[in-house]
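> structure, please.
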Amino acid sequence: MRNFISTRVDLTPPSGIRKFFDIAATMPNVISLGIGEPDFVTPESILQSGIASLQRGETSYTSNSGTLELRNALSRHLQRLYGVVYEPESEILITVGVSEALYLGLTAVLNPGDEVIIPEPCFVAYAPEVTFANGVPVMVPTFVADNFQVTAATIAAAITPETKAILLGYPNNPTGAVMTRRVMEEIAAVAEQHDLLVISDEIYDQLVYGIEHVCVPSLPGMRERTILLGGFSKNYAMTGWRIGYACTNPELLAAMRKVHQYTIMSAPTTAQAAAVVALEEGHEHVERMRREYDRRRRLIVGGFNTLGLDCFEPRGAFYAFPSIRRSGMSSDDFAMTLLAEEEVALVPGDAFGASGAGFVRASYATAYEKIEEALNRIESFMRRHG
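The predicted structure is shown next:
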């Protein structure tokens, strides 16, 4: 039998994260700092709204675009936070997590051979999703010296006649970097100068620490050339509910809705009901979780620096990205040896792109006490290998 698998899928390697999760799952005493998922349960009021929706018998499809109630609530939410206004009827689409929103955006705009500039280190799905949409990912590095912010000059140098879009993910996974307004404005100017689309994944927008989050479409001239991606998984501890959104101009949104109609139909009805309450009543819950993440952030960053694993200060999301160069190991060897010897799971930095080599990602979305114990184990490890 001939090989029926498409070349672009066959040549895409599996996620570099999975093997560590699979090994860690077999170790009863492992402390995992690898999973990018809140350790909080969905707040009670949000949980109960989903249950109530089921009890009311709301188990059928919604509009392809999502319930109007949720789209109205999201429109008010984005205007309140960032001053950017989206029309609920024609500029907001509710999706199955931000992952579907990314898929829809890329599929709707890319023709074969179109290039998408992606700063790295970045979320592991970005480059594969561009490839699956028949585009060409063009990876550009970021550096700790710039606090892992991509610069406008780096993006401009990567532009070719085939460039169609820039894919940004800030606050950043895996580095925890947050873009300053000045740097984001410089990138916006490059996008306007070269008539490029910006796809902005802002899933961690409310998880920032002592710094503002700059919503890309709120910048002058950027609303019409930006696809804003967001969701509820990280801010509201709703990963399993699978609910996200995309906001953009009516022409782009209609194209994305077309792909959504034929692929998904509609996002989960129960999750949409819960998401309304998250937007309308969830602020205090987000703030409570954000304060706890900040407490853990200070613990883990201080701990890594004390151990000689130099770690710049992450200002968003819930990840630290320390350098492991003093160990003399590669990122992969460091993570595998630490897991085997001390049962602490981290993710090699180069799982997020070549410029992540020499670093590891540590999620602080786990209990404070577990982070303390993990740091104790890493200290023992570094005494032998540091």
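
> make it CA atoms for all contacts and neighbour counts henceforth
OK.

> what does stretch 213-228 contact?
82-84, 105, 171, 178-181, 184-185, 188, 192, 196-202, 205-206, 246-249 (C-alpha atoms under 8 Å, 6 or more residues apart in numbering).

> any low-confidence regions in the stretch 101-250 of the chain?
Applying pLDDT under 70 to the stretch 101-250 of the chain flags no residue at all.

> all helices of it, in order?
126-132, 152-158, 181-193, 250-263 (DSSP state H, counting those that start in this stretch).

> tell me the most buried of these?
helix 126-132 (a mean of 21; mean count of other C-alpha atoms under 10 Å).

> that older thread, buried ones among the contacts of stretch 213-228?
Among the contacts of stretch 213-228, those scoring as buried are 84, 105, 171, 178-179, 184-185, 188, 196-202, 205-206, 246-249 (criterion: 16 or more other C-alpha atoms under 10 Å).

> on that earlier part again, which of the helices of the stretch 101-250 of the chain sits closest to Thr366?
Among these, the nearest to Thr366 by C-alpha to C-alpha is helix 126-132 (25.0 Å).

> and that closest one, how far out from the chain middle?
14 Å (C-alpha atoms, centre = their mean, to the nearest Å).

> which other helices and strands contact that helix?
Identification of packing neighbours for helix 126-132 by 3 or more C-alpha pairs under 8 Å, 6 or more residues apart in numbering; DSSP states H and E yields helix 7-10, helix 97-109, strand 115-120, strand 136-141.

> again, only using 7 Å
helix 7-10, strand 136-141 (3 or more C-alpha pairs under 7 Å, 6 or more residues apart in numbering; DSSP states H and E).

> in stretch 72-86, what counts as buried?
72-78, 84-86.

> ok, residues contacting it?
87-88, 92, 215, 217-218, 276, 279 (C-alpha atoms under 7 Å, 6 or more residues apart in numbering).

> reformat these as JSON lines; add distance to Ser53 and neighbour count.
Below are these laid out as JSON lines (distance: C-alpha to C-alpha, whole Å; neighbours: other C-alpha atoms under 10 Å):
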{"residue": "Glu87", "distance to Ser53": "25", "neighbour count": "16"}
{"residue": "Pro88", "distance to Ser53": "22", "neighbour count": "21"}
{"residue": "Ile92", "distance to Ser53": "22", "neighbour count": "27"}
{"residue": "Cys215", "distance to Ser53": "31", "neighbour count": "23"}
{"residue": "Pro217", "distance to Ser53": "33", "neighbour count": "24"}
{"residue": "Ser218", "distance to Ser53": "33", "neighbour count": "16"}
{"residue": "Val276", "distance to Ser53": "11", "neighbour count": "21"}
{"residue": "Leu279", "distance to Ser53": "16", "neighbour count": "18"}
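
> number of residues surrounding Tyr209?
17 (other C-alpha atoms under 10 Å).

> again, but for Thr59
The burial count for Thr59: 12, using other C-alpha under 10 Å.

> please name the nearest non-neighbouring residue to it.
With sequence-adjacent residues excluded and distances taken as C-alpha to C-alpha, 6 or more residues apart in numbering, Thr59 is closest to Thr269, at 6.5 Å.

> list the contacts of the one you found.
Thr269 neighbours (C-alpha under 7 Å, 6+ apart): 58-59, 61-62.

> which one of those residues sits closest to Pro14?
When the contacts of Thr269 are compared against Pro14 (criterion: C-alpha to C-alpha), the nearest one is Tyr61, at 32.8 Å.

> these two touch, right, that closest one and Thr270?
No: the pair Tyr61 / Thr270 is not scored as a contact, 10.0 Å apart, by C-alpha atoms under 7 Å.

> between those two, which is the more surrounded one?
For the pair Tyr61 and Thr270, the greater number of neighbours falls to Thr270 (21 against 13), based on other C-alpha under 10 Å.

> list the contacts of the more buried one.
Counting by C-alpha under 7 Å, 6+ apart, Thr270 has contacts 50, 53-54.

> now that we have those, which one has the most neighbours?
Going by other C-alpha under 10 Å, Gly50 tops the contacts of Thr270 with 22 neighbours.

> excluding its backbone neighbours, what's nearest that one?
Gly50's closest residue in space is Ala274 (C-alpha to C-alpha, 6+ apart), at 4.8 Å.

> helix or strand right after the host helix or strand of that neighbour?
Using DSSP states H and E, Ala274 falls within helix 269-281. On the C-terminal side of helix 269-281, the nearest following helix or strand under DSSP H and E is helix 283-306.

> list the buried residues in that following helix.
285-286, 289-290, 293-294, 296-297, 299-304.

> pull the residues that contact the helix or strand just after that helix.
Downstream of helix 283-306, the first helix or strand assigned by DSSP H and E is strand 319-320. With contact meaning C-alpha under 7 Å, 6+ apart, strand 319-320 is reached by 173-176, 301, 314, 361-364.

> if you set the cut-off to 10 Å instead, what comes out?
33-36, 172-177, 293, 297-298, 300-301, 304, 311-314, 359-365 (C-alpha atoms under 10 Å, 6 or more residues apart in numbering).

> looking at the helices of the stretch 101-250 of the chain, which is closest to Gly97?
Per C-alpha to C-alpha, nearest to Gly97 of these: helix 250-263, 12.3 Å.

> alright, that wraps it up for me.
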